[in-house]
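Asks: based on what follows, work out the 3D shape:
(one chain, ligands or ions: 2)
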Amino acid sequence: MSDLYPVKPLNGQLSARVKVPGSKSITQRAMVCAALAKGVSRLEGWLRSEDTLLLRQALVCLGARFEDEEEDLLVTGMEGKVHPPPGLLFMGNNGTGIRFLTAVSALGNGEAFIVGSRRMDERPIAPLIEALAAWGLRGRCFNDPCPPVYLQAKGLSGGKTEISVAKSSQYLSALLLVGPYTREPAEIRLKDTLVSEPYVAMTLAVMEAFGVTTQKEDGGFRPASGPYVAAHYRVEGDASSASYFLAAAAIAGGEVTVVNLPHPSLQGDAVFAAILARMGLRVSYSSESVTVARSGSLWGIDIDMGRWPDLVPTLAVVAAFAEGKTIIRNVAHLRIKETDRLAAVATELKRLGARVEELEDGLIIYGGASLRPATIETYDDHRIAMAFSLVGLKVAGVQIKDPGCVAKSFPNYWEVFESLYP
Ligand SMILES: O=C(O)C1=C[C@@H](OP(=O)(O)O)[C@@H](O)[C@H](O)C1
Ligand SMILES: C=C(OP(=O)(O)O)C(=O)O
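Replies: Ligands and ions are numbered 1, 2, ... in the order given. So this is what the prediction gives:
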């Protein structure tokens, strides 16, 4: 792929049906459960992308077996017996993956050394290491509070632990996923207010599909003792990936259907259609799909996005085309994603001529400015590349730098994007 993608403006209105790849978040949870389980699991509709392949490779190093059978993934589980390898485990910039892998490695016996990309060394993981320490793990972050991570694992004792979840829900999901394999029943208490909450519900749902239920109580969780039981698991289409095409209808007008996003969905980000409804679009659902249509005005909104951080770049770009201002609140955790997404979104919208205020934990976007051509910096962040590509549907002369960075979650993004043109 060349290092610049020139977006062609769309003549007329959209009328498109698109299929998105499998959910990255669900795929990674299902991979972990299947890798720990007893027996052979089949993952249907799993996402094959940079991040999921990194996690797959690392789980193979720990002792699970993965085989492709046409589009499905067959996983032979380790029955909870984890064997950290002598070398390095590499997780790129896969935040979900490094948090899950750290917890899974802690179930083993021996040393593990887990490293990521340069940006990963700026994404904190210490809260997870501290919570695992209460279950007997000896571990440290070399770049405290960030990776690389070094562990001396000897299985996890279980019992009570506490976790800080104000910066990321992934720490809690990681603890929950290994909870069934601690020696004593696990009891996890939250120290502070949970961000990105729907991802935790998703973790519990996937665990349940692999046979483990969790008792939820005020301020805490008690996952039942394992093992996970191998399952035939069908992964939903990715709701965050779907957001780009739903947003395309908001920006360019017309109608878009995402054919493989079920309703209801396990993914919090499936809320995006309802957010667009608040901005003036018509929305309809079937059990397997969602359709949005714009025929009239698009209005700015005031919204707390703390539960759905990955939708913020998409929403911010839509907001630039809306009438009036949009206030996006409660998303300080966007500063520790693939890049500082509040800074990146504000900088790139300004480059296009939009008026934007960057808050410590949010954005104010004044919609309706006439936007100008620009070459967009993507900061090695798939969501910045995908969200800003949408601007080019309406504004001539938009080019996206490093378009290949979409491979993290959506390797065929540009192909699906091009299917929007008649
Ligand atoms: O658990 C998950 O699969 C995810 C949780 C969210 O992260 P935080 O909980 O760190 O906000 C989200 O941003 C990320 O893309 C995927
Ligand atoms: C933040 C993301 O992923 P991760 O935290 O897993 O790197 C994302 O996909 O937007």
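Asks: pairing partners for the strand ranked longest in the chain, with directions?
Replies: In the chain, taking DSSP state E as the definition, the longest strand is strand 146-154. Here strand 146-154 has these sheet partners by DSSP bridges: strand 109-115 (antiparallel), strand 138-143 (antiparallel).
Asks: can you lay out these as JSON lines showing distance to Lys401 and mean pLDDT?
Replies: From N, CA and C alone the C-beta is placed, and that goes for glycine too. Putting the strands paired with strand 146-154 into JSON lines (distance: least, Cβ to Cβ, whole Å; pLDDT from 0 to 100) gives the following:
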{"stretch": "strand 109-115", "distance to Lys401": "26", "mean pLDDT": "95"}
{"stretch": "strand 138-143", "distance to Lys401": "27", "mean pLDDT": "96"}
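Asks: nearest to ligand 1, out of these?
Replies: Among those, the nearest to ligand 1 by Cβ to the nearest ligand atom is strand 138-143 (16.2 Å).
Asks: C-alpha coordinates for that closest one, CSV please?
Replies: What follows is strand 138-143, C-alpha atoms only, in CSV (Å, rounded to 0.1, in the frame of the first residue of the first chain):
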residue,chain,number,x,y,z
ARG,A,138,6.1,-11.0,41.3
GLY,A,139,6.2,-8.6,38.4
ARG,A,140,7.5,-5.2,37.3
CYS,A,141,7.1,-2.6,34.6
PHE,A,142,10.5,-1.6,33.3
ASN,A,143,9.2,1.8,32.2
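Asks: so what touches that strand?
Replies: 102, 106, 121, 125-126, 129, 132-133, 147-153 (Cβ atoms under 8 Å, 6 or more residues apart in numbering).
Asks: the protein against ligand 1: which residues are in contact?
Replies: Ser25, Thr96, Ser168, Ser169, Gln170, Ser173, Val195, Ser196, Tyr199, Pro309, Asp310, His333 (Cβ under 6 Å from any ligand atom).
Asks: name the nearest residue to the fifth one, ignoring sequence neighbours.
Replies: The one in question is Gln170. Spatial nearest neighbour of Gln170, chain neighbours left out: Arg99 (4.2 Å); criterion: Cβ to Cβ, 6 or more residues apart in numbering.
Asks: CA atoms of the helix or strand hosting that neighbour as CSV?
Replies: Using DSSP states H and E, Arg99 maps to helix 95-106. Provided in CSV are the C-alpha atoms of helix 95-106 (Å, rounded to 0.1, in the frame of the first residue of the first chain):
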residue,chain,number,x,y,z
GLY,A,95,-3.3,-2.6,24.5
THR,A,96,-6.1,-5.2,25.0
GLY,A,97,-3.7,-8.0,24.1
ILE,A,98,-0.8,-7.0,26.4
ARG,A,99,-3.2,-6.7,29.4
PHE,A,100,-4.8,-10.1,28.7
LEU,A,101,-1.5,-11.7,28.0
THR,A,102,0.1,-10.5,31.2
ALA,A,103,-2.7,-12.0,33.2
VAL,A,104,-2.6,-15.3,31.3
SER,A,105,1.2,-15.5,31.6
ALA,A,106,0.9,-15.0,35.4
